[in-house]
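Could you look at this predicted model? Sequence included:
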Amino acid sequence: MPRDSKQIQVTLPDGTSRMVPVGCTAAEALSGSGGAASREVLAVKLNGVLTDLSTVLTGDASLAPITFESPEGQDVYRHSSTHIMAQAVKEVFPTAQLAIGPAIEEGFYYDFAFERPFTPEDLDKIEARAHEIIKADRPFKRMEMSRQDAIRFFRQRGESYKVDILEHIEDQTASLYSQGEFVDLCRGPHVPSTGRVTALKLLSGAGAYWRGDERNPMLQRIYGTSFPTQAALDAHLAKLEEIKRRDHRKLGKELDLITMQDEIGPGLVLWHPKGALIRLLIENFWREQHLQQGYELVYSPHIARLDLWRTSGHLDYYRENMFVPMKVEASEYQLKPMNCPFHIMIYKSHLRSYRDLPIRYGELGTVYRYERTGVLHGLLRVRGFTQDDAHLFCRPDQIEAEVGRVLDFTFFVLRTFGFSEFELYLSTRPEKAVGSTERWAQATSALEAALKGRGVSYRIDPGEGVFYGPKVDIKIKDVLGRAWQCSTVQVDFNNPERFELAYIGEDGKPHQPIMIHRALMGSIERFFGILLEHYAGAFPTWLAPVQAKALCITEKQRNYAETVVGQLKAAGCRAEADLRNEKIGFKIREAEKAKIPYMLVIGDREVEQGTVAVRGRSGANLGSMAVPAVIDLIRADLPQTMSAR
RNA sequence: GCUGGCGUAGCUCAAUCGGCAGAGCAGCGGUUUUGUAAACCGCAGGUUGGAGGUUCGAUUCCUCUCGCCAGCUCCA
């Protein structure tokens, strides 16, 4: 086919290619001759680089349309959205200065320098103006200028934060985007015009420091989100409502599981009987499984001499998270922020042989950390909490196998609690680190080998390791798709050195063991909070504080109901009876609100037949059955053990 | 720690401009004996987070303080 010199070849993701005139835009090339690309297409990847649809093609190229379906598409969409909001802010409040406004997961924000915080009424006004800007469908136009020109431009407009940004960038050219009167410094790309943003909503205002540094001035941030359809936006808002509905602080109080009270102190948790029972069940499961997995369980005190923390290095590296020491007799004592030094001292209490390794000490160890008041958050961030901690002492050649065992164990435990989606991160050597590069390399590759051996996918967080060694973090995804970090496996070269740990090798000489810190649930408090939200308070039967409640229709069935509860309790089930003089509808409502898995309705009919009418949570009618069948139902939910898998 | 918002009965929330602090639920007493998400009547419940100030008078305005919430920063 003869090739016209004024034509270029574009290749599409499906492998097909077409000839288009040189100088046409990416949008035109995607749609064929003349017309514009379809409305769903927001931007384009030109030879792998994300760019505007209005980009003029100058040579042969591969073109991939970008829609809201892809994370990049969402990014572009939200980025354009935040420009629209910024324009609205400038129009409603001309004295506001622009700082920075990126797209974030599920939305966007923009920071402004403004003389006061934005009120909800301000947000309404801004949102209304943003909708007008969308309706006006103004095109996003890209222009480029030299850095110096851009600095002059923004200085003239009084946008000192933009000037600050420009003064810190390396590039000698800057790109600006405008829609109508509004001009912003921006790398781009953007959607073709403001009308592409269909459904936009401003959510909240908050303070934020310029460049995230508390020494800098406080800016006013506005959060918002946007979607290609009103239905998608509504669904997102419904999800935000759902998150509120599941808030563990609310559910914890409603279900009478835990409270945190002024009189006790911030970040300190009271476990009420039902919450404590759930915790006990979690801990019992944990202990059983650890014993089965070759861990030895230990206990350690809550305080220790300050010197111990000096030896461990916590005093140097962790002091700001520790409560102030207390003076006792002639020495100072420290409330423990971690359990490791104690486990180390247990290791050190004997001379160890290579034959003893690996040694695995586990403890549900309660630690106290001084957290700044602003970071405390329900059960998810507290000052006193119990770690499901363990420290493994092993030879360097055992790291991979030990980490592998920990990973298997972690997945088993997390799955038992109902989590099936995980995100794994391997964190490598940070700039400030102890231990030789060879040791780091060896340990990192051992971690990597353990991960690969499990066939799980993971991401690398370069330089995010702890100073004492590389680590693997596991995040769980809850039922709403939110990721929570719980589990961590950390290799430690530092403590064996500091505490001069040793084992006697085959050669009869002392060698230094490697230490591995690991937690599966992280903190019981935090894990409990996550579980509470994951299940919206409706814990699986094996964890439910009350598994079955006998509800008699009238007081006539009291004795029978008590017998039923007695039989269930004798079989190891957690059962209660509601014998009050109340209507059955009322009793069911209360049991339902308490999220009890099985309601056993008992009237004359059931007494006569020797059965109970079983009602599941949220109204399921499971029919009438005798008590042994109910016991089977409850027992069926008990977790498997790791070895029985 | 910083910025902003908020603290009223056990819980959820009212109280106009500074003018007698109220409701529903829960609790207690009684009536009702009931078939799958709220029976009815009554009673009781408060130093309005705490301290100080302004005022004839403060839940309301001011200062300080404690706590909670959102965000920044940090993190199990």
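Arrived safely. Source: prediction; values computed, not measured.

How is chain A partitioned into domains?
Segmentation of chain A into domains, based on automatic domain parsing, reads A:7-67, A:72-245, A:266-300+A:339-534, A:303-335, A:548-643.

looking at those domains, which is closest to A:Leu251?
Nearest of the domains of chain A to A:Leu251, taken as C-beta to C-beta: domain A:266-300+A:339-534 at 5.4 Å. All C-beta atoms are positioned from the backbone trio N, CA, C, and that covers glycine.

Skipping its backbone neighbours, what lies nearest A:Ser618 in space?
A:Glu592 (7.3 Å; C-beta to C-beta, 6 or more residues apart in numbering).

Now do the buried residues in the host helix or strand of the one you found.
Taking DSSP states H and E as the definition, one finds A:Glu592 inside helix A:584-593. Burial within helix A:584-593, assessed by neighbour count using 16 or more other C-beta atoms under 10 Å, is assigned to A:584, A:587-588, A:590-591.

Next: stretch A:511-527.
For stretch A:511-527, the neighbour count (16+ other C-beta under 10 Å) marks A:511, A:513-527 as buried.

can you put the domains of chain A in JSON lines and add mean pLDDT?
Shown next, in JSON lines, are the domains of chain A (pLDDT from 0 to 100):
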{"stretch": "domain A:7-67", "mean pLDDT": "81"}
{"stretch": "domain A:72-245", "mean pLDDT": "88"}
{"stretch": "domain A:266-300+A:339-534", "mean pLDDT": "93"}
{"stretch": "domain A:303-335", "mean pLDDT": "91"}
{"stretch": "domain A:548-643", "mean pLDDT": "94"}
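
The ones you listed into JSON lines, with extra columns for distance to A:Lys253?
Output for the domains of chain A, formatted as JSON lines (distance: least, C-beta to C-beta, whole Å):
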{"stretch": "domain A:7-67", "distance to A:Lys253": "43"}
{"stretch": "domain A:72-245", "distance to A:Lys253": "14"}
{"stretch": "domain A:266-300+A:339-534", "distance to A:Lys253": "10"}
{"stretch": "domain A:303-335", "distance to A:Lys253": "27"}
{"stretch": "domain A:548-643", "distance to A:Lys253": "13"}
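
Enumerate the positions of stretch A:619-632 that are buried.
Here stretch A:619-632 shows A:622, A:624-625, A:627, A:630-631 as buried, counting by 16+ other C-beta under 10 Å.

just to revisit the earlier point, ok, the residue nearest to A:Ser618 to A:Lys583 distance?
Distance, A:Glu592 to A:Lys583, using C-beta to C-beta, to the nearest Å: 14 Å.

follow-up on the earlier one: may I ask which two of the buried residues of stretch A:511-527 are separated the most?
Once C-beta to C-beta is applied, those give A:His511 and A:Glu525 as the farthest pair, at 38.1 Å.

now the helices: where do they sit in the stretch 101-250 of chain A?
A:120-136, A:147-156, A:160-168, A:230-245, A:248-254 (DSSP state H, counting those that start in this stretch).

Packed most tightly, which of the ones you listed would that be?
helix A:248-254 (a mean of 18; mean count of other C-beta atoms under 10 Å).

Need the residues that contact that helix.
A:244, A:257-259, A:275, A:378-380, A:528-530, A:532-533, A:536-537, A:593 (C-beta atoms under 8 Å, 6 or more residues apart in numbering).

near RNA strand B, which of those show up?
A:378, A:593 (C-beta under 7 Å from any atom of the strand).

out of the contacts of helix A:248-254, which are inside strands?
Here DSSP state E is the test, and the contacts of helix A:248-254 give A:258-259 as lying in strands.

Just the buried ones from the contacts of helix A:248-254?
Buried among these (16+ other C-beta under 10 Å): A:257-258, A:275, A:378-380, A:528-530, A:532-533, A:536-537.

so what's the residue in the stretch 501-645 of chain A that RNA strand B sits nearest to up against?
For the stretch 501-645 of chain A and RNA strand B, the shortest gap (C-beta to the nearest atom of the strand) falls at A:Gly603, measuring 2.2 Å. Residues counted as contacts of A:Gly603 (C-beta under 8 Å, 6+ apart) are A:552-554, A:557, A:584, A:613.

what about burial for those, which qualify?
Buried, going by 16+ other C-beta under 10 Å: A:552-553, A:557, A:584, A:613, out of the contacts of A:Gly603.

Now, those that are in strands?
Using DSSP E, the buried ones among the contacts of A:Gly603 in strands are A:552, A:613.

Can you lay out the buried ones among the contacts of A:Gly603 as CSV showing distance to RNA strand B?
Shown next, in CSV, are the buried ones among the contacts of A:Gly603 (distance: C-beta to the nearest atom of the strand, whole Å):
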residue, distance to RNA strand B
A:Cys552, 8
A:Ile553, 5
A:Gln557, 8
A:Ile584, 4
A:Ala613, 3
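
which among the buried ones among the contacts of A:Gly603 gets closest to A:Tyr458?
Of the buried ones among the contacts of A:Gly603, the one sitting nearest to A:Tyr458 (C-beta to C-beta) turns out to be A:Ala613, at 49.7 Å.

Give me the three-state assignment for the closest residue to the closest one other than its chain neighbours.
Leaving aside its sequence neighbours, A:Ala613 sits nearest to A:Val601 (C-beta to C-beta, 6+ apart; 4.2 Å). Of the three states, A:Val601 takes strand under DSSP: H, G, I helix; E, B strand; the rest coil.

For beta bridges, what are the partners of A:Val601?
A:Leu551, A:Ala613 (DSSP bridges).

pretty sure it contacts A:Val612?
Yes. Using C-beta atoms under 8 Å, A:Val601 makes contact with A:Val612 at a distance of 6.8 Å.

higher neighbour count, the two?
Set A:Val601 next to A:Val612 and count neighbours by other C-beta atoms under 10 Å: A:Val612 wins out with 28 against 23.

Just say helix, strand or coil for the closest residue to RNA strand B within chain A.
Closest approach between chain A and RNA strand B, counting by C-beta to the nearest atom of the strand: A:Gly374, at 1.7 Å. The three-state label given to A:Gly374 by three-state DSSP is helix.

ok, how many other residues are close to it?
Applying other C-beta under 10 Å, I find that A:Gly374 has 6 neighbouring residues.

what sits against it?
So A:Gly374 contacts nothing (C-beta under 8 Å, 6+ apart).

Roughly how far does it sit from A:Ala174?
On the measure of C-beta to C-beta, A:Gly374 and A:Ala174 end up 36 Å apart.

which residue packs closest to A:Phe285, ignoring adjacent ones?
Using C-beta to C-beta, 6+ apart, the nearest residue to A:Phe285 is A:Pro639, at 6.4 Å.

Quick one: residues contacting that neighbour.
A:285, A:416, A:542.

Which neighbouring elements make contact with the strand or helix carrying the first one?
Looking back up the chat, that one is A:Phe285. Assessed by DSSP H and E, A:Phe285 sits inside helix A:273-292. Where contact means 3 or more C-beta pairs under 8 Å, 6 or more residues apart in numbering; DSSP states H and E, helix A:273-292 is packed against strand A:296-297, strand A:359-368, helix A:399-416, strand A:514-523, helix A:524-534.

of those, which approaches A:Pro94 most closely?
That would be helix A:524-534 among the helices and strands packed on helix A:273-292, by C-beta to C-beta, at 42.7 Å.

Packing partners of that closest one?
Against helix A:524-534 (3+ C-beta pairs under 8 Å, 6+ apart) you get helix A:248-254, helix A:273-292, strand A:384-394, strand A:483-492.

burial count for A:Arg558?
14.

Setting aside sequence neighbours, what's the nearest residue to it?
With C-beta to C-beta, 6+ apart, the residue lying closest to A:Arg558 is A:Leu579, at 5.1 Å.

ok, that neighbour - contacts?
Contacts of A:Leu579 (C-beta under 8 Å, 6+ apart): A:552, A:555, A:558, A:561-562.
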